[in-house]
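Engineer: Return atomic coordinates for the entry below.
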Amino acid sequence: MDNPERARILQGMTQASKILIVGGGLNGAALALALAQTGHSVCVIDTLGEKVRKNAAFDGRSYALALASKRLLDAIGVWERVEDHAQPMLEIKVTDGHAGIGPSPFFMHFDHTEIEEGPMGYMVEDRHLRRAFLEAMAQDKAITQINGRTVVSQQVDATGVTLKLDDGASVVGHLIVGCDGRSSGTASRAGIKRTGWDYGQTALVCAIEHELPHHGIAHQFFMPPGPLAILPLTGNRSSIVWSERTEVAQRINTLPEAEYLQVLRPRFGDFLGDIRLQGDRFTYPLNLTIANSFISDRLALVGDAAHGMHPIAGQGLNAGLRDVGALAEVLTLAGRRGEDIGSVLVLERYQEWRRFDTASLAMATDMFNKLFSNDNPLLRLGRDIGMGIVGSLPGLRRGFVREAAGLTGDLPKLLQGRPI
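Structural biologist: Presented below is the predicted three-dimensional model:
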């Protein structure tokens with residue numbers, strides 16, 4: 001953090017940097033590392049201070065990293081920093097039913113042995129993943145970090161971009177990348193509108209300690225108010241992502257710990273023995289929001305800034321890392337050909353690569369949530385029969401396992417585990 005470039009920026013001077021990334025979360029950090037490895041100069045600007053972002057209690061989330069996402073983290077030098085904290089996901093069990101009554105007899109069961117490439121994915125806690133990214137960025141001389149500063153304006157012209165910060169400093173470069181979340185200021189300042197809607201659901205998120213081992217099995221239990229995901233963490237612990245109608249979720253989250261567990265237990269079941277809370281509880285409102293364009297003049301959007309989806313399939317971060325892999329590859333190859341990496345012609349390649357895949361995933365998560373988050377008897381019968389069919393056909397099961405592992409579609413090189 002003694003970088004003289006950073007010091008000049010904070011003193012209000014204008015500093016040249018080739019690619020300016022707004023948002024230093026997981027996607028922003030992954031993109032910075034991927035670009036720095038291929039010779040780009042990168043500046044990452046985040047509104048939060050470094051101490052807050054490194055705080056182990058900063059966030060209660062955990063992430064289901066698909067196998068392809070793990071390969072990207074390995075390629076950019078992050079996986080070795082989190083591997084000891086990662087729990088392999090060996091099986092996924094999907095059921096449908098009611099709280100306190102149990103699942104229907106129809107279910108889907110996916111096993112990693114059907115793809116013969118290792119685990120379908122890994123569960124990693126946010127606190128470990130975030131710290132690993134921050135440490136990796138701090139050690140890369142091609143990355144300048146500006147923490148605790150907010151972008152207040154952005155200007156674009158034919159030759160470059162300028163970001164004005166809240167302390168009066170300016171940062172200039174060739175391209176802006178917005179990695180600043182669902183309410184992306186980068187997108188708003190560029191006049192990019194969004195399409196989406198609120199689900200009227202809120203996710204209750206926490207970690208649970210349980211008496212019995214989970215054996216690396218992830219569970220998705222669909223109930224009328226919303227799905228409950230039980231995702232294996234290291235040790236006898238699991239991450240809970242529990243969707244309820246917003247007004248109900250707000251009431252549940254205010255309950256004392258003992259009463260919170262009383263509400264959770266009929267939904268969770270007793271297959272892992274006695275359960276108890278570990279750490280704090282969190283809530284996140286659920287909505288769908290897709291940027292109408294992923295690019296503008298000398299600007300690209302990545303991750304939630306481009307697309308925020310329901311967590312029903314656990315693909316939010318995985319979709320963002322696909323963006324990272326695609327944009328890093330497009331910009332790197334364009335730079336090697338001597339092209340202007342900020343030109344619309346270059347950025348359109350990124351948008352074309354990611355637009356269809358993102359739209360398909362958004363529609364799928366929206367459809368699954370609407371299909372399963374209700375108690376219509378006809379829909380319930382149809383989806384239970386559908387799960388039974390998928391569960392009984394090896395070809396379909398294998399296709400779902402490969403999809404869950406992130407191995408389908410036009411994969412960027414980094415997600416194949418290959419350098420750009």
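
Engineer: what residues go with each domain of the protein?
Structural biologist: In terms of domains, the chain is parsed into 4-80+125-195+288-375, 82-124+199-286 (source: automatic domain parsing).

Engineer: Tell me the span between the first and last residue of stretch 245-265.
Structural biologist: Distance between the boundary residues of stretch 245-265 (C-alpha to C-alpha, to the nearest Å) amounts to 18 Å.

Engineer: Enumerate the positions of it that are buried.
Structural biologist: In terms of neighbour count (16 or more other C-beta atoms under 10 Å), stretch 245-265 has its buried residues at 245-246, 249, 252-253, 260-261, 263-264. Where you see a C-beta, it was placed from the backbone N, CA and C, and this is true even at glycine.

Engineer: Widest-spaced pair of the residues you listed?
Structural biologist: Thr246 and Leu261 (21.0 Å; C-beta to C-beta).

Engineer: just to revisit the earlier point, which one, of the domains of the chain, ends up nearest to Phe400?
Structural biologist: Closest to Phe400 of those is domain 82-124+199-286 (C-beta to C-beta; 5.8 Å).

Engineer: tell me the SS of the nearest residue to Ala86 once chain neighbours are set aside?
Structural biologist: In space, and not counting its chain neighbours, Ala86 is closest to Tyr122: 4.2 Å by C-beta to C-beta, 6 or more residues apart in numbering. Look at Tyr122: counting by DSSP: H, G, I helix; E, B strand; the rest coil, its state is strand.

Engineer: Test my guess that Tyr122 contacts Asp84.
Structural biologist: No. At 11.5 Å, Tyr122 does not count as touching Asp84 under the criterion of C-beta atoms under 8 Å.

Engineer: More neighbours: which of the two?
Structural biologist: Tyr122 (24 against 8; other C-beta atoms under 10 Å).

Engineer: gap between the more buried one and Ala326?
Structural biologist: To Ala326, Tyr122 is 22 Å away according to C-beta to C-beta, to the nearest Å.

Engineer: same thing with Ala32?
Structural biologist: Going from Ala32 to Ala326 by C-beta to C-beta gives 15 Å.

Engineer: more neighbours, the two?
Structural biologist: The neighbour comparison of Ala32 against Ala326 (other C-beta under 10 Å) goes to Ala32, with 30 against 25.

Engineer: ok, back up a step: looking at the buried residues of stretch 245-265, spot the one nearest Arg131.
Structural biologist: Distance to Arg131 across those (C-beta to C-beta) is lowest for Asn253, with 26.2 Å.

Engineer: Got the phi and psi for the closest residue to that closest one other than its chain neighbours?
Structural biologist: The spatial neighbour of Asn253 that comes closest, neighbours along the chain excluded (C-beta to C-beta, 6+ apart), is Thr283 at 5.2 Å. Dihedral angles of Thr283 (phi, psi; degrees, to the nearest 10) stand at phi -130, psi 150.

Engineer: Near Thr283, how many other residues are there?
Structural biologist: Using other C-beta under 10 Å, Thr283 is surrounded by 18 other residues.

Engineer: try Glu116
Structural biologist: Residues lying near Glu116 (other C-beta under 10 Å) number 7.

Engineer: So for the top helix by length along the chain, what gets flagged as buried?
Structural biologist: The helix spanning the most residues in the chain, taking DSSP state H as the definition, is helix 344-372. The neighbour-count check on helix 344-372 (16+ other C-beta under 10 Å) flags 346-347, 349-351, 353-355, 357-358, 361-362, 364-366, 368-369, 372 as buried.
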